[in-house]
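1. 3D model of this:
(chains A and B)
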2 protein chains.
Amino acid sequence: MSLLDKKFLKLGAEFAPGQEVRQTANEDENLGEEIPGTPVDFSHGDVDAFEPIPGSLEHFVEGVHLGGKQAYTEYRGSKEIRENVAEKLSVFTGTSINADRNFIITPGTQGALFLAMGSTISRGDKVAIVVPDYFANRKLVEFFDGEIFPIQMDYFNSDKSAGLDLTQLEDAFIAGVKLFLFSNPNNPTGVVYSQDEILGIANLAQEYGATVIVDELYSRQIFDGQSYTHLCAQNIVDPENVITILGPSKTESLSGYRLGVAFGSAKIIERMEKLQAIVSLRAGGYSQAVLKSWFAEPEGWMTDRISQHQAIRDNLISVLNDSGGFKVRTTEAGSYLFPKIVDLGVPINNFVKILRHRAAVIVTPGSEFGPQFTDSFRINFSQDHTSAVSAMNRIVQLAKEYRK
Amino acid sequence: MSLLDKKFLKLGAEFAPGQEVRQTANEDENLGEEIPGTPVDFSHGDVDAFEPIPGSLEHFVEGVHLGGKQAYTEYRGSKEIRENVAEKLSVFTGTSINADRNFIITPGTQGALFLAMGSTISRGDKVAIVVPDYFANRKLVEFFDGEIFPIQMDYFNSDKSAGLDLTQLEDAFIAGVKLFLFSNPNNPTGVVYSQDEILGIANLAQEYGATVIVDELYSRQIFDGQSYTHLCAQNIVDPENVITILGPSKTESLSGYRLGVAFGSAKIIERMEKLQAIVSLRAGGYSQAVLKSWFAEPEGWMTDRISQHQAIRDNLISVLNDSGGFKVRTTEAGSYLFPKIVDLGVPINNFVKILRHRAAVIVTPGSEFGPQFTDSFRINFSQDHTSAVSAMNRIVQLAKEYRK
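-> The predicted structure is shown next:
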């Protein structure tokens, strides 16, 4: 097997959210009786249930009418829109972002992650990532030929924190790790890092001269007044060693426009722009104009959205807890739940397949987020409330049937 | 200097088209008197002079109204739209493209190029590219740690062909090259490869088991009834060793939507999709819907567009030839001209800077397309006709002034 064959084997995307349609079901296989109910795709949020920010499309159309100026922006994005968003994000994070030197618009937060990792990982570099965390993090390190140092997050046994193992993180830095990537709130658990944890990470990174990339994709949708700490605002790590990533694809339902941003280190942002020049030139020109609606939502829109999601979360957690067959930590921010099935009697990939065929429910297997999560699954509960609860009841029913 | 520093030094994007705004002019420097005239940015086509395909925005808006289905497509793109476009491209190229296995929608043709190269180059691989050719080709090989084998194209001394040195190409294959990338029509010269050249390339690739990536971005805008040969339709190279790239960003002025496609080898397309999953997930979901207008333009629209461009081309070439100070091969397809300045007395990057400051004209220096093109520059003549001619007259005037 060639080097490239091996590399792409590790990049397997067949269990990634949204790709289920490419899994060829064995037609002859009888998985059991179907349980009737409205199909629910928990692999991503339902932008029909929670629609994009009002006025987004109008901003896009205005962008089209601006013509060439909006179609051909600098690779890092339109100067006017960078200034608009950098100002809003400076307020949100409590920092001061220079739109010209420290800011780039990317094709989604996935684009920002790829560019940031490609700009900081050299072949053989040691890179620390959290387990569990967003599945692409591991794949990115592998694609850029880095060496993964997994840092455990004991999310079930930590009450007032995410449960990151800071000792393991320090050991990784001692072993030569120069880059640490993590999402906050954590994907898939929806846990928010405590202030102590953020300060701990920042102090270690600064002590060992490491770069930190923080994926804050879901940091606007925070429940129960939970406090949130932006690492970039702590003034502990050298600002040239920090990149923060955000985007409007999740809470704001703008995924269809493929928009994300990254800000921080001027040197890394400049590299990200050079890389963007050969990856896809720029985030779609007209789409960039849609960022004007971000952080400029109608009054009350975000508050309503958060309380609606909190209600769905509470309902789904009740269903799981009442069943007695699951262990789950309450989502503190974002739209993910990462339940563990007690005494699951079949491999998680099989269970996921059974759910799809018998219950018309799509979930993402835990093994995408770390090899040990063989009895967990992730759902995105940004769905129609009633359909989500009904789908979760079907999951509970099938988990009982396939118990050891 | 670290490995990564060196890599990004080679990725310099400061002279790339569209990035001129980031070049900090030395305010104190007196470059000479300004020549009045309407500013023209020849670094890319002017989508205000040549507007997008009628109905494109309407397709986008329909995509938005389709909602989640269009926002979250498979990574390789919406099945329905792949089927629509694969059918149209099968007719155009004279091949049979399977929309499910052999086709991917990408963020622009730049996205297609990046994914195709990332899916075929492993560290240390020998890769042949043409000189001159699109500047990103060289950068892509360098980013993926390949070794470049430049193949010369003697475009001035070949009448009935592009002038590719097939002997040099065969020597490269003998030396171990397993991948050959070229654009047809050639960027920056606008030359079309003859049928003999395409057959020659195909036979060599098949003999040595090499993969060929053909960038056919400008293959619809062909002048003077010039004949065009699609390599993928020759049935010479193993179809699993061919990828063809196309997109609506140029002739069709849809660059603002960031759309491209690649078709061919099922194995490479599958890898491209896996890579897309970590690069930016997918081409913008709503944008994908715009591909419905591609190859479905109003009757006469494409014919008119081609004849308007041919008229601009003829006018600009007359200006250059009448001046006696340039050598230029007539564009056979696409919107590029790549004139050589006779006896230029200053380095090309300086001349480009002078043009920008004194004549309000932006062109791309020849050195972006190959180290030896130090007295050539590229223009995209998809511009307002009158402004383009006037700008070319200013270029002629300044070339005289800076002659040796």
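2. contacts and neighbour counts: CA atoms only from here.
-> Noted.
3. Report the buried residues of the lowest-mean-pLDDT helix or strand in chain A.
-> Sorting the helices and strands of chain A by mean pLDDT, DSSP states H and E puts helix A:3-10 at the bottom, at a mean of 86. Going by neighbour count (16 or more other Cα atoms under 10 Å in any protein chain shown), the buried part of helix A:3-10 is A:4, A:7-8.
4. who does the helix or strand that that helix is followed by pair up with?
-> Sequence order places strand A:40-41 as the next helix or strand after helix A:3-10, per DSSP states H and E. Note on strand A:40-41: by DSSP bridges, its sheet partners are strand A:361-362 (parallel).
5. Off-centre distance for the partner strand?
-> 19 Å (Cα atoms, centre = their mean, to the nearest Å).
6. what's downstream of it, the next helix or strand?
-> strand A:364-365.
7. What is that next one packed up against?
-> helix A:348-359, strand A:377-380 (3 or more Cα pairs under 8 Å, 6 or more residues apart in numbering or on different chains; DSSP states H and E).
8. what residues does it touch?
-> Contact with strand A:364-365 is made by A:15-17, A:42-43, A:348-349, A:352, A:374, A:376-379, as judged by Cα atoms under 8 Å, 6 or more residues apart in numbering or on different chains.
9. what's near enough to touch the residue in the stretch 151-300 of chain A positioned nearest to chain B?
-> Residue of the stretch 151-300 of chain A nearest chain B, by Cα to the nearest Cα: residue A:256 (4.0 Å). Applying Cα under 8 Å, 6+ apart, one finds that residue A:256 lies in contact with A:249, B:64, B:68, B:70-72, B:284-286.
10. Which of the residues you listed fall in strands?
-> Per DSSP state E, strands hold no members of those.
11. Distance to residue B:29 and neighbour count added to those, as JSON lines?
-> Below are these laid out as JSON lines (distance: Cα to Cα, whole Å; neighbours: other Cα atoms under 10 Å in any protein chain shown):
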{"residue": "A:249", "distance to residue B:29": "46", "neighbour count": "21"}
{"residue": "B:64", "distance to residue B:29": "50", "neighbour count": "21"}
{"residue": "B:68", "distance to residue B:29": "54", "neighbour count": "23"}
{"residue": "B:70", "distance to residue B:29": "52", "neighbour count": "21"}
{"residue": "B:71", "distance to residue B:29": "50", "neighbour count": "28"}
{"residue": "B:72", "distance to residue B:29": "52", "neighbour count": "24"}
{"residue": "B:284", "distance to residue B:29": "43", "neighbour count": "30"}
{"residue": "B:285", "distance to residue B:29": "47", "neighbour count": "27"}
{"residue": "B:286", "distance to residue B:29": "47", "neighbour count": "29"}
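12. Buried by neighbour count: which residues of stretch A:219-234 qualify?
-> A:219-223, A:228-232, A:234.
13. now swap in stretch A:107-119 and tell me
-> Counting neighbours by 16+ other Cα under 10 Å, stretch A:107-119 gives A:107-119 as buried.
14. One more: stretch A:292-308?
-> A:292-295, A:302, A:306.
15. and these as JSON lines, adding distance to residue A:136?
-> Shown next, in JSON lines, are the buried residues of stretch A:292-308 (distance: Cα to Cα, whole Å):
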{"residue": "A:292", "distance to residue A:136": "28"}
{"residue": "A:293", "distance to residue A:136": "28"}
{"residue": "A:294", "distance to residue A:136": "25"}
{"residue": "A:295", "distance to residue A:136": "26"}
{"residue": "A:302", "distance to residue A:136": "28"}
{"residue": "A:306", "distance to residue A:136": "26"}
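16. Filter these down to the ones in helices?
-> Counting by DSSP state H, the buried residues of stretch A:292-308 place A:302, A:306 in helices.
17. Keep the buried residues of stretch A:292-308, but drop any that are not near chain B.
-> Among those, not one lies near chain B by Cα under 8 Å from any Cα of the partner chain.
18. need the buried residues of stretch A:292-308 in a markdown table with distance to residue B:174 and pLDDT, can you?
-> A markdown table is the format used below for those (distance: Cα to Cα, whole Å; pLDDT from 0 to 100):
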| residue | distance to residue B:174 | pLDDT |
| --- | --- | --- |
| A:292 | 55 | 98 |
| A:293 | 56 | 98 |
| A:294 | 55 | 98 |
| A:295 | 58 | 98 |
| A:302 | 63 | 97 |
| A:306 | 63 | 98 |
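19. sorry, back to before: quick one, phi psi at the residue of the stretch 151-300 of chain A closest to chain B?
-> When read as degrees, to the nearest 10, the backbone of residue A:256 gives phi -60, psi -20.
20. where does it land on pLDDT?
-> pLDDT for residue A:256: 97.
21. And residue A:11, by the same measure?
-> For residue A:11, pLDDT reads 84.
22. Might you report the residue contacts of the residue in the stretch 101-250 of chain A positioned nearest to chain B?
-> Of all residues in the stretch 101-250 of chain A, the one sitting closest to chain B is residue A:111 (4.5 Å; Cα to the nearest Cα). Applying Cα under 8 Å, 6+ apart to residue A:111 gives the contacts A:260, B:278-281.
23. repeat for residue A:57
-> A:290, B:61, B:64.
24. Pull the contacting residues for residue A:40.
-> Contacts of residue A:40 by Cα under 8 Å, 6+ apart are A:360-362, A:383, A:387-388, A:391.
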